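Q: got a predicted structure plus its sequence, pasted below:
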Amino acid sequence: MVLTVANQKGGVGKTTFLVNFANYLHEKQNKSVCIIDTDTQGNSSYSLSYAAILGDTYSLFKNNILSDKILNIEKDKIYLYKSTIELSDEGEFDDNSFYNDNIKYLSNIFDYILIDTAPVLSNKLINSLQISDFVITPIELEIYSLQGLELMLNTIFNIKKTYNQNMSFLGVLPSRVNTTNTRHLMTLNHLKEEYGQDLFLPYIKNRNHIAEALTEQVSFFKTKSRYKKELLIIFDFIYNKMQEK
Ligand SMILES: Nc1ncnc2c1ncn2[C@@H]1O[C@H](COP(=O)(O)OP(=O)(O)OP(=O)(O)O)[C@@H](O)[C@H]1O
Ligand SMILES: [Mg+2]
């Protein structure tokens, strides 16, 4: 299964969701997981310092990895293709046939492939959407974050219609929600009226412990945070939604 985390708006919680959900799949559901970091910022590569590195993402676009000697996956490890600076030259990613084949190959080896994407509507993002079984869109409930939402959803649903009818859009995932902030709650209600309740996943609250775990390069589920249960319930919901497919 391939899951892409997509929103061309920056700072909305894509990487935070991806890293936590990867740990959840691995630790709580006992699944084999490979993360592909397509963002030159390399945030997920940084936070997943404990992952086993299989290579860099650039090589997935440029070579056929089928001939590499892969892969005895060890159950206790989480795997990563890391970001490098070569990913920044957008002109290099017009033909992504290697990428398609490589991701297909990896998805036969791993239970889950999780793709982290940069905050830009790039060829790498479009291509990742074209080969995904699932897509999820984190948002922040602030006006600047919402202005691009329509464009993102249009892009996702156009790709689904044109290239990838197999794709399931899991939903919009409000992240960093401050429930004492009436603006956040009003914005969420307004969005649900506009787009329909069903498009939205349960929201993730703003929790410092979550940001801390990623900064400290440890799995949030291995910390002592009292908010673990809260995130687990949301991830169980998303996981179950994926099983319905
Ligand atoms: N639930 C949360 N609680 C507290 N802080 C959060 C939460 N989710 C994300 N953050 C913080 O918000 C910031 C942006 O999150 P993140 O890096 O995940 O966004 P992003 O969409 O991946 O950004 P970019 O588009 O730049 O890659 C980070 O500093 C992160 O620690
Ligand atoms: Mg990110």
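A: It's in. Ligands and ions are numbered 1, 2, ... in the order given.
Q: stretch 19-33: which residues count as buried?
A: Val19, Asn20, Phe21, Ala22, Asn23, Tyr24, Leu25, His26, Glu27, Lys31, Ser32, Val33 (16 or more other CB atoms under 10 Å). The way it works is simple: take the backbone N, C-alpha and C, and place the C-beta from them, glycine included.
Q: could I get the residues you listed as TSV with secondary structure?
A: TSV is the format used below for these (DSSP: H, G, I helix; E, B strand; the rest coil):
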residue	secondary structure
Val19	helix
Asn20	helix
Phe21	helix
Ala22	helix
Asn23	helix
Tyr24	helix
Leu25	helix
His26	helix
Glu27	helix
Lys31	coil
Ser32	coil
Val33	strand
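Q: can you name the two of these that sit furthest apart?
A: Across the buried residues of stretch 19-33, the longest distance by CB to CB is 17.2 Å; it joins Asn20 and Ser32.
Q: who's in contact with the helix or strand bottoming out on mean pLDDT in the chain?
A: Least confident element among the helices and strands of the chain, by mean pLDDT, DSSP states H and E: helix 143-147 (a mean of 80). With CB atoms under 8 Å, 6 or more residues apart in numbering as the contact definition, helix 143-147 has outside contacts at Lys9, Val12, Ile139, Thr187, Leu191.
Q: including secondary structure, pLDDT and distance to Leu80, could those residues go into JSON lines?
A: What follows is the contacts of helix 143-147, written out as JSON lines (DSSP: H, G, I helix; E, B strand; the rest coil; pLDDT from 0 to 100; distance: CB to CB, whole Å):
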{"residue": "Lys9", "secondary structure": "coil", "pLDDT": "93", "distance to Leu80": "24"}
{"residue": "Val12", "secondary structure": "coil", "pLDDT": "95", "distance to Leu80": "22"}
{"residue": "Ile139", "secondary structure": "strand", "pLDDT": "97", "distance to Leu80": "25"}
{"residue": "Thr187", "secondary structure": "helix", "pLDDT": "93", "distance to Leu80": "34"}
{"residue": "Leu191", "secondary structure": "helix", "pLDDT": "92", "distance to Leu80": "33"}
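Q: show me which of those is closest to ligand 1.
A: Nearest to ligand 1 out of those is Val12 (CB to the nearest ligand atom; 4.3 Å).
Q: how far away is the closest one from ligand 2?
A: According to CB to the ion, to the nearest Å, Val12 stands 9 Å off from ligand 2.
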